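Peer 1: Provided below for reference: sequence and predicted model.
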Amino acid sequence: MADQTPSTRRIRDVEVSAIGLGGMPMSIEGRPDEQRSIATIHAALDAGITLIDTADAYHLTATDVGHNESLIATALGSYGGDTSNVLVATKGGHLRPGDGSWQVNGSPEYLKQAADASLKRLGVDAIGLYQFHRPDPNTPYEDSLGAIRDLLDAGKIRLAGISNANPDQIRQANEILGGRLASVQNQFSPRFRSSEPELDLCDELGIAFLPWSPLGGISRAADLGESHPAFHQLAAELGVSPQQVTLAWMLAKSPVVIPIPGSSRPETIQDSYRATELSLTADQVRALDAA
């Protein structure tokens, strides 16, 4: 193996860990008890993770909207160490009414209300990174992004991002935000590679690219090696987990890539973070690309 992968990346002028923690599994179906969730967040912090991703829609019922945001605020508040360098990224514009379905609302009025509610749940003066969760077909994209720009200008959010966006929307968002688009969060994994154009555009523009479900999703992460033999084989050769190989492969693609694997157990997020100690050769990366 060559020199290890850099353990930090940048989201504009903010330095964060090269691997983040996705909080979703701790708040939706199959959520663990609060004690284990807090232990997972603390384990991530102990490992050196300084980027935590959440959303107001990460909850189960209509009565616990923002469950994951509140959980993260509790975990940060109870952590014994310094958390001043932790960037919490949350999202608005995607809703769960409590019946198991997902809906979208990208109206400017709603996004501003949602951001205010997230501010209160997180217990901060300004949200570190606020992302428009998903385009709303009933609201012009420029109107939704106008609300994000207003939040940025008002100082309610420090960084602005978008999620589930295509290349045209990335360019449009960056223009509306006056060149201040900080991140794009799209699905990307060995199983789901259709966001390669968005990753390439982010690399070109110097915008952080945050792959969500980088290990294939909650139900598939554990058997990633079985589903993708090339990743399993290389992991066996290197004596590491297929999950580490997957994350190292993503990190090798571009310095703007910051995977945010979801986790609900301390040992899994610690294993994921060890991908920053793994550097793949160019030949290994090409072999995984072709797999």
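Peer 2: Yep, it's here. Residues are numbered from 1 along each chain as shown.

Peer 1: in the stretch 151-291 of the chain, which spans are helices?
Peer 2: With helices called from DSSP state H, counting those that start in this stretch, the stretch 151-291 of the chain shows them at 167-176, 196-205, 224-227, 229-238, 242-253, 266-273, 282-290.

Peer 1: for residue 91, which of those helices is the nearest?
Peer 2: Closest of the helices of the stretch 151-291 of the chain to residue 91 is helix 167-176, at 13.8 Å (criterion: Cβ to Cβ). For the C-beta atoms, the positions are set from N, CA and C on the backbone; glycine is no exception.

Peer 1: that closest one vs helix 196-205, what angle?
Peer 2: With axes from the mean of the first three to the mean of the last three Cα atoms, to 10 degrees defining the directions, helix 167-176 sits at 30 degrees from helix 196-205.

Peer 1: ok now helix 167-176, how far from the chain's centre?
Peer 2: Going by Cα atoms, centre = their mean, to the nearest Å, the spacing between the C-alpha centre of helix 167-176 and its chain's C-alpha centre is 19 Å.

Peer 1: now what about it, what contacts it?
Peer 2: 132, 135, 141-142, 145-146, 148-149, 162, 165, 180-181, 184, 197-198, 201-202, 205, 207 (Cβ atoms under 8 Å, 6 or more residues apart in numbering).

Peer 1: which members of these are positioned in strands?
Peer 2: 132, 162, 181, 184 (DSSP state E).

Peer 1: the contacts of helix 167-176, buried ones only, as a PyMOL selection?
Peer 2: In PyMOL, the members of these classed as buried (16 or more other Cβ atoms under 10 Å) are selected with the following command:
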select buried, resi 132+135+141+145+148+149+162+165+181+184+198+201+202+207
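
Peer 1: just the pLDDT at the residue nearest the centre of the chain, thanks.
Peer 2: Relative to the mean C-alpha position of the chain, the nearest C-alpha, by Cα atoms, centre = their mean, is the one of residue 260, at 4.2 Å. For residue 260, the pLDDT comes out at 98.

Peer 1: can you tell me how far it sits from residue 137?
Peer 2: Plainly put, residue 260 is 26 Å away from residue 137 if you go by Cβ to Cβ, to the nearest Å.

Peer 1: and what of residue 54?
Peer 2: Separation of residue 54 from residue 137 (Cβ to Cβ) stands at 25 Å.
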